[in-house]
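In: I'll drop the sequence and a predicted model, then ask my questions.
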Amino acid sequence: MADRKKPKVPGLIKGLGVTFNTMAQTMKPKKFGGGAATVQYPHEKETPPIRARGVIALREDNCTSCMLCVRSCPDWCIYIEAHKELAPPRRAGGAPRKVNKLDRFDIDYALCM
Amino acid sequence: MFAVDVPYWAQSLLRVLGGTVAVLLPAGTIVYLFLFKMMSFMQSRLGPMEAGPYGSMQLFAEVGKWLQKEDIAPERADLRIFRAAPLVVLMSTFLLVAVVPFGPDAYFTQFDAGVFYMLAVSSISTLGILMAGWSSANKYSLLGGLRAAGQLIAYELPMVLAVLGVVIQAGTMNLQQIVVKQNSDAIFGWDGIGFPYILTQFVGFLVFMIAVQAELTQTPFDMPIAESELVSGYMTEYSGFRFLIFFIAEFATAGVFALIASVLFLGGWGVPFTWFGWDPANLGTVDNWMNVGGPLIMFTKMMVLAAIIMWVRFSYPRFREDQLQRFAWKVLIPVSLLNIMLTAILKVAF
Amino acid sequence: MTDLADRQKLSYIAAQAADARLNVELETEGMTLNIGPQHPATHGTLRIIVRLDGEQVIWAEPSAGYMHRGYEKLTEVRTFPQVTALVNRIDWLGSFANEVPFILAAEKLMEIEAPPRAQWIRTILFELSRIANVSLFLGDLGVQLGAITPVFMAFRDREHVLNLIEGATGGRFHPNFDRIGGLKDDLPAGWIAETKQVMKKLRNFCDEIESLLFGNEIFQSRLRGIGVIPAEVAKQYGLSGANLRASGVDWDLRRDQSLPLAYDKVDWKVWTHPDGDSFARCWIRLQETREATMIVDQLLDGIPSGPVMAKVPRIIKVPEGEAWVSTENPLGEMGYYVVSKGDLGPFRVKIRSASFNNISIVPWVLRGVYVPDVISILASLYFILGDIDR
């Protein structure tokens, strides 16, 4: 069985070697490829990838109050209040259009997953 | 001590201060260098960095944190024994350091049964751990305390037997004389490096270090604490100041045992006497600056040995209780007995 | 194998004798100990009640439910995409793996198949979540036994996998990436090259853990011969995953089922072990992690190009019917039985989670063992509370 072969160097010594190598690697200065695996947070910050999802926020200019997000939310934590308004016609001589105007957009972060 | 004539009360005060420093300084240095920094580097992280430059003040911050906590005890705990247990454990450390020589004139006490005293006094901490385990009114602490009792008593024997080899070679139980002998004897007529006993007592040294690891309840022998099973073993119900005493006692005892190991096996405070032409029969010929250099040399040797103890602690999983006992009784004791026999035979032969 | 089973039988007999002794002869009480629900050793809020004679366990019983979140009830009122977001959180360490059987069941009801590129990417993310899950297990194994260093190496190298998953899906722990008919998005640029680098690092990690932990004599003496589960008993109790394969049963759903995932397009090996002891279970997981990195490498080389989403209507109504799909998740076999009545969301979802069945063997396997072995056996069985309690 592959797990029963006796190693040439006893496992206890190899284990000590692994921790020693990790320590040496952490103590090497950064320009030689060493350093810790951690980021010293308040002083250095990492940039997350482009797609990273953190907290959801709204771009008000783009919102048409279509309520799709309210219906899709798994926890129903988005609250939207909107009213209809009449906007001027796009071309001269046309009829005024009804548009939605956003009153209130709220996410209840206590519920947000 | 020095050429200055110091009155007796001042000498006692100096001894008390020196004893406190000799216990707390190794504890603090070991905690910072090895527990905070070496362990962190072995785990690819930097350890505490915020408190002071490179986290050097972290220990003071932690001490302050523990001191300001509320003194709580479980409702059904046996209060007097609960409160006394940490002090008993720390007391054995102070008693132990009283007999370690730091220099030709820098010692607290010196008597001819130094080794015997040291071995006897080091088992007082077992009592403290048992007291903590029983009085905590907690099933986990009880388990930890009982495990500790079995383990610590079992590993006393290999420690005694390992030290016996050194005593046979030195011919004396006086720790100061053991140091002098190591630095002034010759290996087959060549006295370039003195005769540190680690060269011939290598087996004894290994057994002693393993027994010390078990006496300190460090991994791989930390069944009494066994953090993933017993939450903290006998220390579970302690918080604040009392936990601080256990914590300091653990690392201080590690430091003191490392000091003792360096006295017994590595040549203690001395450099080989032939380098400076000192006379082993008369300690007065050793220069006075050795009273400052000696502690520094001891400190360095202690750091090396403590580094090994901590390195093993961070790398290995723990033994199960019965495997631990089996290891002590069936492996370490026969090996150390064999070591004594061989030492005695070779001592007579050469 | 025989001498291990004999030792187990002897310890069971000793436990029965101890029980008899306790209750009749000496009239001493055994100690009843609660391991959990708050405990550093249980992976979450699991409570195990043991009755001890000294340090030997006479009787043990797990008491789960401290983390019950009512998943099956929650799914009754949600639409399929909303349920996908919820279901991530059952096995929170390898979370993409929870979504896959659910979406496959929905696609089975709709009788559509995701395009090949989506299937390959699903398989890659599935294996990545397996690697993330099991590498944490390998580190955690050290902590349960007292070695505090391997867990930091595990977290350090798992971080790379989580960054990969975040780069592709937007979430480290809860990707929420699978959709009925395919995936939400395609892979970002440069992801494939980065993943190949990370797989190399993970193979190094497996080697490091092997020499630091598995080669360690103390570790081996703690785990060999402990908690032996014969193959018959394992099958009766419904164990799955590495627990079953460690008892010698050659059973792997990735190979034995023909689901629309890309496992049959790559060359890989199923690891089994003849002893059923704790060491076998841990060793198999280590080998499976390495195997998973090699599967990912082969998959990355051959991803077909194409769309990642099939032609599905904007608002999906899954037709009436019932479907059962189970896959080989990191923890074992996870399955969903989805009942749909033609609505936007499922009518009823039954979740068969691996850890619930894996811990059903706890009363059987913990008889007659010592307290430290209780912890190491639980560690080797490997459960996640979210998976047990749902």
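Out: All right, it came through fine.
In: for the spatially most distant residue from the centre of chain A, phi and psi?
Out: For chain A, the residue at maximal distance from the C-alpha centroid (C-alpha atoms, centre = their mean) is residue A:93, at 47.6 Å. According to degrees, to the nearest 10, the main-chain angles of residue A:93 amount to phi 90, psi 0.
In: helix/strand/coil for the residue nearest to residue B:257 when sequence neighbours are not counted?
Out: Spatial nearest neighbour of residue B:257, excluding adjacent residues (C-beta to C-beta, 6 or more residues apart in numbering or on different chains): residue B:212 at 4.6 Å. Any C-beta I mention is one placed from the backbone N, CA and C, and that applies to glycine too. Secondary structure assignment for residue B:212 (DSSP: H, G, I helix; E, B strand; the rest coil): helix.
In: so residue B:212 is in contact with residue B:256, correct?
Out: No - using C-beta atoms under 8 Å, residue B:212 is not in contact with residue B:256, being 10.0 Å away.
In: the residue of chain A found nearest chain C: how many residues sit nearby?
Out: In chain A, the residue that lies nearest chain C is residue A:11 (3.3 Å; C-beta to the nearest C-beta). Residue A:11: 21 surrounding residues under other C-beta atoms under 10 Å in any protein chain shown.
In: please apply the same query to the one 4 residues further on.
Out: Other residues near residue A:15 come to 27 when the count uses other C-beta under 10 Å.
In: how about the helix or strand hosting it: buried residues?
Out: Assigned by DSSP states H and E, residue A:15 belongs to helix A:11-27. Of all the residues in helix A:11-27, those buried under the rule 16 or more other C-beta atoms under 10 Å in any protein chain shown are A:11, A:12, A:14, A:15, A:16, A:18, A:19, A:22, A:23, A:25, A:26.
In: quick one: pLDDT of residue 88?
Out: You didn't say which chain, so I picked chain A. The model reports residue A:88 with a pLDDT of 79.
In: try chain C instead
Out: 88.
In: that one and residue C:178 touch, don't they?
Out: No - at 9.4 Å, residue C:88 does not count as touching residue C:178 under the criterion of C-beta under 8 Å.
In: what do these two both touch?
Out: In terms of C-beta atoms under 8 Å, 6 or more residues apart in numbering or on different chains, residue C:88 and residue C:178 are both contacted by the residues C:96, C:99.
In: out of those two, which sits in the busier spot?
Out: Using other C-beta under 10 Å, the more surrounded residue of residue C:88 and residue C:178 is residue C:178, with 29 against 23.
In: next, the more buried one: phi, psi?
Out: phi -80, psi 140.
In: any idea what it is bridged to?
Out: residue C:183 (DSSP bridges).
In: quick one: it from residue C:129, how far?
Out: Distance of residue C:178 to residue C:129, given as C-beta to C-beta, to the nearest Å: 11 Å.
In: got any residues that touch both of these two?
Out: With C-beta under 8 Å, 6+ apart, residue C:178 and residue C:129 have common neighbours residue C:96.
In: all helices for the stretch 51-200 of chain B, in order.
Out: B:58-67, B:79-97, B:114-121, B:124-135, B:139-170, B:175-184 (DSSP state H, counting those that start in this stretch).
In: near the closest residue to chain A within the stretch 201-350 of chain B, how many other residues are there?
Out: Residue nearest to chain A within the stretch 201-350 of chain B: residue B:315 (4.6 Å; C-beta to the nearest C-beta). Number of residues near residue B:315 (other C-beta under 10 Å) recorded here: 27.
In: where does chain C have low pLDDT?
Out: In the predicted model, chain C carries pLDDT under 70 at residues C:1-8, C:12, C:15-29, C:38, C:40-42.
In: now do 80
Out: C:1-31, C:33, C:35-44, C:53-55, C:371-372 (pLDDT under 80).
In: show me the residue sitting in the middle of it in space.
Out: residue C:331 (1.1 Å).
In: surely it touches residue C:357?
Out: No - using C-beta under 8 Å as the test, residue C:331 is too far from residue C:357 to be in contact (10.0 Å).
In: spell out which parts of the stretch 51-200 of chain B neighbour chain C.
Out: B:139, B:140, B:143 (C-beta under 8 Å from any C-beta of the partner chain).
In: test my guess that the first one contacts residue C:33.
Out: Yes - under the contact definition of C-beta under 8 Å, residue B:139 touches residue C:33, with a separation of 5.6 Å.
In: the helix holding residue A:15 close to chain B?
Out: Yes - under the criterion of C-beta under 8 Å from any C-beta, chain B is reached by helix A:11-27 at A:12, A:15, A:16, A:18, A:19, A:20, A:22, A:23, A:25, A:26, A:27.
In: identify the residues contacting the fourth one.
Out: Residues counted as contacts of residue A:18 (C-beta under 8 Å, 6+ apart) are B:315, C:208, C:211, C:212.
In: TSV for those residues, including secondary structure and distance to residue C:183?
Out: Below are the contacts of residue A:18 laid out as TSV (DSSP: H, G, I helix; E, B strand; the rest coil; distance: C-beta to C-beta, whole Å):
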residue	secondary structure	distance to residue C:183
B:315	helix	43
C:208	helix	33
C:211	helix	38
C:212	helix	37
